[in-house]
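Asker: Return atomic coordinates for the entry below.
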Amino acid sequence: MSDMHYYRPRRKHARTDARTRFDVARSAGRLSRQQAPATPRLSRAMRLRIAVAVALIAGLALGVRWFTGDAFTIATDSIRVYHNQGVAPAQIIGASGLAGEHFAFVDLNAAAKRIDDLPGVDAAEVTCTWEWTVACTIVVQASQALALWETPQGLVWIDRSGKVQQALGDMPASLRLRSETQDAASPQIGQTIEPALLRTLSELAALEADARLYVYSARYGIAYTDADGWRVRLGWSEHEGDMSEKVTLARLLRAQLAGDNLLPGVIDVRYPEAPYYVGGQ
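Answerer: Numbering: from 1, shown residues only. Modelled structure (predicted):
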């Protein structure tokens with residue numbers, strides 16, 4: 001058997017760093033794995049802090065929504081009014097401005113002041129409490145009625161400052177007036193009566209007069225009918241104490257007429273210097 005020899009020519013430029021395509025690909029993969037950043041992993045404590053923060057934010061949002069919701073808003077039907085005789089509750093509640101206000105920010109003193117400014121109200125006290133819902137109370141000190149006035153348009157009342165209010169029904173009053181049906185000078189709600197008429201009513205209320213029911217007319221002023229049927233015309237109080245003088249004069253004339261067999265007629269003391277009477281027929 002003969003020996004065999006092979007010839008392998010040498011490369012002209014030998015490279016010590018020669019690599020196959022496999023080596024290159026494998027090296028590239030190793031390099032990419034080495035340079036790729038590692039995925040961060042949160043610690044257990046950090047995850048717990050994040051969960052607590054999310055819960056606090058959610059709780060705060062719910063709390064803000066609840067605090068600004070209906071539970072703290074004053075509703076009209078949650079307001080109660082007491083001792084408002086002569087003044088409508090709706091008028092008082094409307095003037096207070098409480099409805100729709102937030103419990104924590106409402107100005108109770110300002111609400112009471114607005115109620116105080118209403119005609120027919122001398123003072124007001126406003127309180128609000130919260131027990132899962134808001135409840136407000138308005139206690140009114142109503143003006144004392146000087147007179148109830150029966151007009152063709154309905155019943156009104158006059159307070160002691162002379163302001164005319166819509167009457168809600170019978171209420172305590174010193175005097176009661178009735179307008180003649182043909183009289184066009186009936187008091188208008190919200191207005192103030194004439195000073196002479198206010199002085200007349202105030203003086204009559206202070207006197208122990210012979211009547212508590214009077215008739216008002218633009219022509220004769222204030223008049224009344226006594227127990228025997230005599231119509232007594234008093235007119236107006238022209239100055240302080242004038243009505244007291246007229247009532248006294250009317251009583252004297254009535255005493256003089258008591259012994260006469262006159263049918264009831266008219267006693268007129270509107271002008272004290274010239275009083276007169278007209279006997280009935």
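Asker: And residue 149, its phi and psi?
Answerer: Recorded main-chain torsions at residue 149 are phi -120, psi 120, according to degrees, to the nearest 10.
Asker: for residue 245, what are its contacts?
Answerer: The neighbours of residue 245, taking C-beta atoms under 8 Å, 6 or more residues apart in numbering as the test, are residue 272. For the C-beta atoms, the positions are set from N, CA and C on the backbone; glycine is no exception.
Asker: now it, what's its secondary structure?
Answerer: Secondary structure state of residue 245, per DSSP: H, G, I helix; E, B strand; the rest coil, is helix.
Asker: distance of it from residue 272?
Answerer: Using C-beta to C-beta, to the nearest Å, one obtains 6 Å as the distance from residue 245 to residue 272.
Asker: swap in residue 47?
Answerer: Residue 47 sits 102 Å away from residue 272, going by C-beta to C-beta.
Asker: now do residue 168
Answerer: If you measure residue 168 against residue 272 using C-beta to C-beta, the figure is 39 Å.
Asker: Strands of the stretch 51-200 of the chain, start to end?
Answerer: For the stretch 51-200 of the chain, applying DSSP state E, counting those that start in this stretch gives strands covering 79-82, 121-130, 134-142, 145-151, 154-159, 164-166, 175-179.
Asker: name the element residue 254 belongs to?
Answerer: Residue 254 belongs to helix 242-257 when assigned by DSSP states H and E.
Asker: Next SSE downstream of that helix?
Answerer: That would be, after helix 242-257 and using DSSP H and E, strand 263-268.
Asker: strand partners of that following strand, parallel vs antiparallel please.
Answerer: For strand 263-268, the paired strands and their directions (DSSP bridges) read strand 231-235 (parallel), strand 276-280 (antiparallel).
Asker: I'd like these as TSV, with mean neighbour count, mean pLDDT and distance to residue 115 appended.
Answerer: Formatted as TSV, the entries for the strands paired with strand 263-268 read as follows, by neighbours: other C-beta atoms under 10 Å; pLDDT from 0 to 100; distance: least, C-beta to C-beta, whole Å:
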stretch	mean neighbour count	mean pLDDT	distance to residue 115
strand 231-235	22	93	37
strand 276-280	14	83	50
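Asker: related to what we said a few turns ago, please name whichever of the strands of the stretch 51-200 of the chain is nearest to residue 278.
Answerer: Shortest separation from residue 278 across those is recorded for strand 175-179, at 21.8 Å, computed as C-beta to C-beta.
Asker: mean confidence score for the longest helix anywhere in the chain?
Answerer: With secondary structure taken from DSSP state H, the chain has its longest helix at helix 44-67. For helix 44-67, the per-residue pLDDT values average out at 71.
Asker: so where's this protein uncertain?
Answerer: Under the criterion of pLDDT under 70, the regions of the chain flagged as low confidence span 1-40, 42, 61-70, 169-170, 181-185, 209-210, 280-281.
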